[in-house]
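# just need the structure, nothing else, for what follows:
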Amino acid sequence: MPSDQAAPPISVNDADAPSGQHDARALLKADIVVIGAGQAGLSSAYHLQQLGLTSWKNYLVLDKSPGAGGAWQYRWPSLTLTTVNRVHDLPGLRFTEAVDAGDEVKASVAVPQYYAAYERKFQLPVYRPQTVKVVCERNGRFRIETEEGGFSARGIINATGTWETPYIPAYPGAESFEGRQLHTHDYKTADAFTGKHVVVVGGGISALQLLDEISQVTSTTWVTRQEPQFRDTPFTPEDGRAAVAIVEDRVRRGLVPGSVVSVTGIPWTPALRAAQARGVLKRLPMFAGITRNGIRWSDGREQRADVILWCTGFRSSLDHLAPLQIREENGGIVMSGRLATQVAKDPRIHLVGYGPSASTIGANRAGGAAARELTDYLGLQKE
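The predicted structure is shown next:
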């Protein structure tokens with residue numbers, strides 16, 4: 001992409017930028033708008049560029065954060081390059097080529113550095129901060145309203161991930177609890193819980209990482225809805241493909257995507273073995289309700305608690321697409337296309353980072369598929 005094709009900076013004072021009043025005459029128009037600049041969004045932008053869309057008028061990327069890094073910049077400080085599940089390379093630039101970071105470097109520092117280097121290398125037209133509030137259809141085009149202005153597009157690649165939509169299930173008595181309730185999304189450091197009894201809810205990888213950390217500074221109770229399945233063998237590419245196939249089948253049938261961990265199981269790590277040796281991994285079934293001072297089991301017994309940490313996952317951040325009515329009555333979305341990124345109800349919309357592509361490596365492949373399918377569908381002239 002030539003250097004003179006970089007996206008012009010967005011400002012409400014720019015003549016060609018959207019005004020604060022969303023004046024239709026001031027809309028920035030592009031053929032394709034990518035919403036989100038995490039792994040999925042950057043991958044999609046890269047592939048659009050490789051297809052010959054070299055002008056910001058062909059495509060642009062909207063990102064709500066003030067700087068590069070996607071959701072990684074908000075992860076808890078103890079999540080390092082050693083403890084993170086894995087950071088996959090973006091297409092065209094290896095992580096190790098862009099960042100000189102050791103295993104103990106915070107993921108919230110190293111990954112944003114990598115993403116920023118990636119945006120610079122390929123001069124990707126990323127506009128930030130642009131918080132998309134709603135997307136609707138108007139005169140055959142999509143109108144994208146942000147807190148800072150407005151945009152118009154013929155097609156959309158949505159790559160907003162899940163970080164902004166933490167899920168906490170409803171439980172009787174939750175509103176009466178006098179302690180602290182928080183989600184993985186809000187977790188910072190285990191030291192904040194020293195001297196308090198913490199109930200950790202959830203059976204995923206993040207839940208176990210945080211349970212391990214917290215249990216080293218205070219007392220804990222671990223509860224899950226289902227019995228977690230641990231595995232002694234390494235997680236293989238075949239395991240990954242099998243898990244993706246199950247999730248892909250669900251979204252192609254319009255069902256809500258399921259948990260990948262429920263399919264693959266949780267691999268034992270040295271940290272988990274150490275936690276097991278300390279007696280931390282004593283899983284209990286879900287409690288029946290929440291009281292003022294703790295939780296209540298199904299037999300009526302109560303457990304005192306100062307903190308309830310909900311490690312109960314996230315939902316896809318798609319509320320801004322609600323006016324487009326792409327969901328089924330059950331809350332799912334019927335997906336089509338080679339890698340199930342295309343919304344069946346409207347082929348002009350692709351969801352990358354949803355369902356089978358909700359992983360860093362899956363987002364790379366899906367970004368390429370979405371870029372090719374959408375440009376072909378729109379009949380864009382390659383430069």
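
# domain parsing for this protein?
Domains of the chain are assigned by automatic domain parsing as 3-164+314-378, 174-232+268-310.

# in a markdown table, list those domains along with distance to residue 238 and mean neighbour count.
Every C-beta, even on glycine, is put in place using the N, C-alpha and C of the backbone. Listed next are the domains of the chain as a markdown table, based on distance: least, Cβ to Cβ, whole Å; neighbours: other Cβ atoms under 10 Å:
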| stretch | distance to residue 238 | mean neighbour count |
| --- | --- | --- |
| domain 3-164+314-378 | 14 | 19 |
| domain 174-232+268-310 | 13 | 16 |
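
# hey, least reliable of those domains by pLDDT?
Lowest mean pLDDT of these: domain 3-164+314-378, a mean of 85.

# how far is it from where the chain is centred?
On the basis of Cα atoms, centre = their mean, to the nearest Å, the separation between the geometric centre of domain 3-164+314-378 and that of its chain is 11 Å.

# what segments of the stretch 251-383 of the chain are strands?
Along the stretch 251-383 of the chain, counting by DSSP state E, counting those that start in this stretch, strands occupy 266-267, 283-285, 289-290, 294-296, 302-304, 307-310, 335-336, 342-343, 349-351.

# can you redo those strands as a markdown table with distance to residue 178?
Output for the strands of the stretch 251-383 of the chain, formatted as a markdown table (distance: least, Cβ to Cβ, whole Å):
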| stretch | distance to residue 178 |
| --- | --- |
| strand 266-267 | 33 |
| strand 283-285 | 22 |
| strand 289-290 | 10 |
| strand 294-296 | 9 |
| strand 302-304 | 11 |
| strand 307-310 | 11 |
| strand 335-336 | 43 |
| strand 342-343 | 44 |
| strand 349-351 | 40 |
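
# and residue 77, which of those is closest to it?
Proximity to residue 77 (Cβ to Cβ) singles out strand 307-310 among those, at 16.0 Å.

# quick one: residues in contact with the closest one.
Outside strand 307-310, the residues that touch it by Cβ atoms under 8 Å, 6 or more residues apart in numbering are 166, 168-169, 177, 179-184, 187, 193, 196-202, 210, 214, 290, 295.

# same deal with stretch 253-260?
Contacts for stretch 253-260 (Cβ under 8 Å, 6+ apart): 204, 243-244, 246-247, 250-251, 313, 316, 328, 330-335, 354-356, 358-359.

# residue contacts, the residue nearest to residue 113 when sequence neighbours are not counted?
Leaving out its chain neighbours, the residue that sits closest to residue 113 by Cβ to Cβ, 6 or more residues apart in numbering is residue 99, at 5.0 Å. Going by Cβ under 8 Å, 6+ apart, residue 99 touches 110, 113, 114, 117.

# can you tell me which of the contacts of strand 307-310 are in strands?
180, 181, 182, 183, 198, 199, 200, 201, 290, 295 (DSSP state E).

# farthest pair in those residues?
Spatial extent of the ones in strands among the contacts of strand 307-310 (Cβ to Cβ) is set by the pair 183 and 295 at 16.5 Å.

# for the longest helix seen in the chain, C-alpha coordinates in CSV please.
Longest helix in the chain, counting residues (DSSP state H): helix 360-378. Provided in CSV are the C-alpha atoms of helix 360-378 (Å, rounded to 0.1, in the frame of the first residue of the first chain):
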residue,chain,number,x,y,z
THR,A,360,-6.4,-16.0,17.0
ILE,A,361,-5.5,-18.6,14.4
GLY,A,362,-9.1,-19.1,13.3
ALA,A,363,-9.5,-15.3,12.9
ASN,A,364,-6.5,-15.3,10.4
ARG,A,365,-8.0,-17.8,8.1
ALA,A,366,-11.5,-16.4,8.4
GLY,A,367,-10.3,-12.9,7.7
GLY,A,368,-8.9,-14.1,4.4
ALA,A,369,-12.1,-15.9,3.5
ALA,A,370,-14.3,-13.0,4.4
ALA,A,371,-12.2,-10.5,2.4
ARG,A,372,-12.3,-12.7,-0.7
GLU,A,373,-16.0,-13.5,-0.5
LEU,A,374,-17.2,-10.0,0.3
THR,A,375,-15.1,-8.3,-2.5
ASP,A,376,-16.4,-10.9,-5.0
TYR,A,377,-20.0,-10.4,-3.9
LEU,A,378,-19.7,-6.7,-4.2
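
# what is it packed up against?
strand 28-35, helix 39-50, strand 150-158, strand 342-343, strand 349-351 (3 or more Cβ pairs under 8 Å, 6 or more residues apart in numbering; DSSP states H and E).
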